[in-house]
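next input, structure requested:
(one chain, ligands or ions: 1)
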Amino acid sequence: MSVIAQKCPEIHVTVVDINDKRIAAWNDTDLDKLPIYEPGLPEVVKEARGRNLTFSTAVDDAIDKADMIFISVNTPTKTYGVGKGMAADLKYIELCARQIARVAKDDKIVVEKSTLPVKTAQALKNILDNTGNDVDFQIISNPEFLAEGTAIDDLLNPDRVLIGGDIHTNKGNEAVQKLVDIYAHWVDRKRLLTTNIWSSELSKLTANAFLAQRVSSINAMSEICEKTGADVDEVARAVGMDTRIGSKFLKSSVGFGGSCFQKDILNLVYISKTLGLPEVADYWEQVILMNDHQKRRFAMKMVSTLYNTVSDKKIAVLGWAFKKDTNDTRESAAIYVTDHLLNEQAKVVVYDPKVPEERIYADLDALGTRPERENRERVTVVQDPYEACENAHAISILTEWDEFKDYNWEKIHKEMYKPAFLFDGRRLLDADKIEKTGFDYYAIGK
Ligand code: UDX
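A predicted model of the protein is given here:
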């Protein structure tokens, strides 16, 4: 929304949230306090805020005044009832729809921005039409393809923008064109793709499933590499140069994380099951199983290398975010690797440049593996990476933060318990350089 406001000064954008603390943070004059850490975002907010970008808790008022409403609430995986652990929970979407229906006194265009299972637009339309004040609602699907850490650049230079709507009716087409005209302020019209609404909803899930599948595919190869002496980076390079395959998303890692991949694939699996397509469901579920395996395998490699026991050993975890340049930790591999290590009674010391201590404990507590007290006893969070590594038996790199590359690894090696082990879950460090430092160095796929 901030980028839309920046690029379309004549459009007034109001971002509303019922959480007043969050809105206060978005309004903070100190741009370092914005609730989301994202490179380039403070500059965009600075330019548009107070001009044509407003952050507010007055939800009804904003609905009343808007011509177009973007629904951007979260759609987490259901943790209860039918579809538990797989289906998307549409509770927040429904609440939004009911509120819009109650408040709206004139025609509105409602844009689904959240990632939704196919056919959600139908449910939205039902609620709006049946509980509304006899005004016309046009539903549009406009899924978000930005990746965290590169969000601003992805928004400014998108590969494509997908806009799905009821394109076979005049009113539907008009609504789609209105959104097309907004993006056309800065995106080449050739990249603005309009489709029917179901295609748009399904394309988002498909794109994420294909991307996650590539990571699971290369991670599956990483295990073969470790057994055979092949090097997964070399394999990825050789395969990626085939233009039919392409080089992106072939970086082997300790497993993909983030708020989208796992959730969207589970959603796809659930949809396949409910459509009576068990083979399709199994096919996609395997992408997730492979990812879980990769995280567990990494932790177990650490344990077996440290003479089959990490009990009461100090293990440093560098990086908690699910990838670099974000403070988002949702589904981060670091959470699961740490959880496995704690099951083996390790003492874990965590350092991440952007993730606060309370988030790290909350992530571990949410797994419910052990009493919260124990997480605090066994895990320490520090602000200094060298402190994390001092006297550690092993270090694991779980997020590819650039700063990790520049550490004085020789100094770290000197101050560790010997022998000192370094496990690189992101293949971040140059193996040749590290070998000279004296570490016993292990990287995924090496
Ligand atoms: C993803 C999609 O890329 C984006 O289009 C969609 O809108 C939301 O979901 P995001 O979750 O922000 O974006 O991050 P992304 O860069 O796609 O990375 C996802 C995970 O895969 C990360 O944990 C990342 O480290 C991992 N990954 C990515 C790899 O392990 N190897 C790779 O080669 C690429």
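
just give the closest residue to residue 53, not the sequence neighbours.
Leaving aside its sequence neighbours, residue 53 sits nearest to residue 5 (CB to CB, 6 or more residues apart in numbering; 3.7 Å). For the C-beta atoms, the positions are set from N, CA and C on the backbone; glycine is no exception.

the one you found touches residue 52, doesn't it?
Yes: at 5.3 Å, residue 5 counts as touching residue 52 under the criterion of CB atoms under 8 Å.

list residues touching both of those two?
Listed contacts common to residue 5 and residue 52 are 11, 13; contacts here mean CB atoms under 8 Å, 6 or more residues apart in numbering.

comparing those two, which residue is more hemmed in?
Neighbours per residue (other CB atoms under 10 Å) separate residue 5 from residue 52, with residue 5 holding more: 22 against 17.

where does the more buried one land in three-state SS?
helix (DSSP: H, G, I helix; E, B strand; the rest coil).

gap between it and residue 155?
Using CB to CB, to the nearest Å, we find residue 5 at a distance of 12 Å from residue 155.

same thing with residue 181?
In terms of CB to CB, residue 181 sits 17 Å off from residue 155.

which of these two has more neighbours?
Each of residue 181 and residue 155 has its neighbours counted (other CB under 10 Å); residue 155 has more, 23 against 13.

hmm, the helix or strand encompassing the more buried one in reach of the ligand?
Taking DSSP states H and E as the criterion, residue 155 maps to helix 151-156. No: using CB under 6 Å from any ligand atom, helix 151-156 stays clear of the ligand, coming no nearer than 7.5 Å.

and the next element down the chain from that helix?
Next element after helix 151-156 (DSSP H and E): strand 161-165.

helix or strand right after that next one?
As assigned by DSSP H and E, the chain's next helix or strand after strand 161-165 is helix 170-183.

quick check: residue 174 vs the ligand, distance?
To the ligand, residue 174 is 27 Å away according to CB to the nearest ligand atom, to the nearest Å.

i'd like the first residue to be 24 from this point on
In the new numbering, first residue 24, that becomes residue 197.

could you measure from the residue lying farthest from the centre of the chain over to the ligand?
Residue farthest from the centre of the chain, counting by CA atoms, centre = their mean, is residue 157 at 38.1 Å. Here the criterion is CB to the nearest ligand atom. By it, residue 157 lies 36 Å from the ligand.

swap in residue 461?
According to CB to the nearest ligand atom, residue 461 stands 28 Å off from the ligand.

can you tell me the closest non-neighbouring residue to that residue?
residue 436 (5.2 Å).

secondary structure element holding the one you found?
helix 432-437.

quick one on the thing from earlier: need the three-state assignment for the residue farthest from the centre of the chain.
Secondary structure of residue 157, reduced to three states by three-state DSSP: coil.

what about it, distance to residue 151?
Separation of residue 157 from residue 151 (CB to CB): 11 Å.

now swap in residue 141 and tell me
According to CB to CB, residue 141 and residue 151 sit 18 Å apart.

up against the ligand, what does the stretch 124-273 of the chain have?
Applying CB under 6 Å from any ligand atom, we find that the stretch 124-273 of the chain lies next to the ligand at 167, 168, 169, 170, 171, 231, 234, 238, 272, 273.

residue closest to the middle of this structure?
Geometric middle of the chain (CA atoms, centre = their mean) lands on residue 281, at 2.8 Å.

so that residue touches residue 356, yeah?
No: at 9.9 Å, residue 281 and residue 356 do not qualify as touching, with contact defined as CB under 8 Å.

so what sits against both of those two?
Going by CB under 8 Å, 6+ apart, residues that sit against residue 281 and also against residue 356 are residue 345.

count the neighbours of the residue nearest to residue 336 when sequence neighbours are not counted for me.
Among residues not flanking residue 336 along the chain, residue 416 sits closest, at 4.2 Å (CB to CB, 6+ apart). Using other CB under 10 Å, residue 416 has 21 neighbouring residues.

residue 324 too?
16.

and what of residue 389?
Using other CB under 10 Å, residue 389 has 9 other residues around it.

so which bits of whichever strand or helix holds it are buried?
For residue 389, the enclosing helix or strand under DSSP H and E is helix 380-390. Using 16 or more other CB atoms under 10 Å as the burial criterion, the residues of helix 380-390 that qualify are 382, 383, 384, 386, 387.

can you dump the C-alpha coordinates of whatever helix or strand comes next after that helix into PDB?
Counting by DSSP H and E, the next helix or strand C-terminal to helix 380-390 is helix 395-401. Output of helix 395-401 as PDB, limited to C-alpha atoms (Å, rounded to 0.1, in the frame of the first residue of the first chain):
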ATOM      1  CA  GLU A 395       8.400 -22.700  28.500                       C
ATOM      2  CA  ARG A 396      10.600 -22.500  31.600                       C
ATOM      3  CA  GLU A 397      12.900 -25.100  30.000                       C
ATOM      4  CA  ASN A 398      13.200 -23.100  26.800                       C
ATOM      5  CA  ARG A 399      14.500 -20.100  28.900                       C
ATOM      6  CA  GLU A 400      16.900 -22.300  30.900                       C
ATOM      7  CA  ARG A 401      18.400 -24.000  27.800                       C
END
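
now do the strands in the protein.
All strands of the chain, identified by DSSP state E, fall at 36-39, 76-79, 91-94, 131-135, 160-164, 184-188, 215-219, 337-341, 370-374, 402-404, 417-420, 444-447, 463-466.

as CSV, those strands with mean pLDDT would be great.
CSV is the format used below for the strands of the chain (pLDDT from 0 to 100):
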stretch, mean pLDDT
strand 36-39, 98
strand 76-79, 98
strand 91-94, 97
strand 131-135, 96
strand 160-164, 95
strand 184-188, 96
strand 215-219, 96
strand 337-341, 98
strand 370-374, 98
strand 402-404, 98
strand 417-420, 98
strand 444-447, 98
strand 463-466, 96
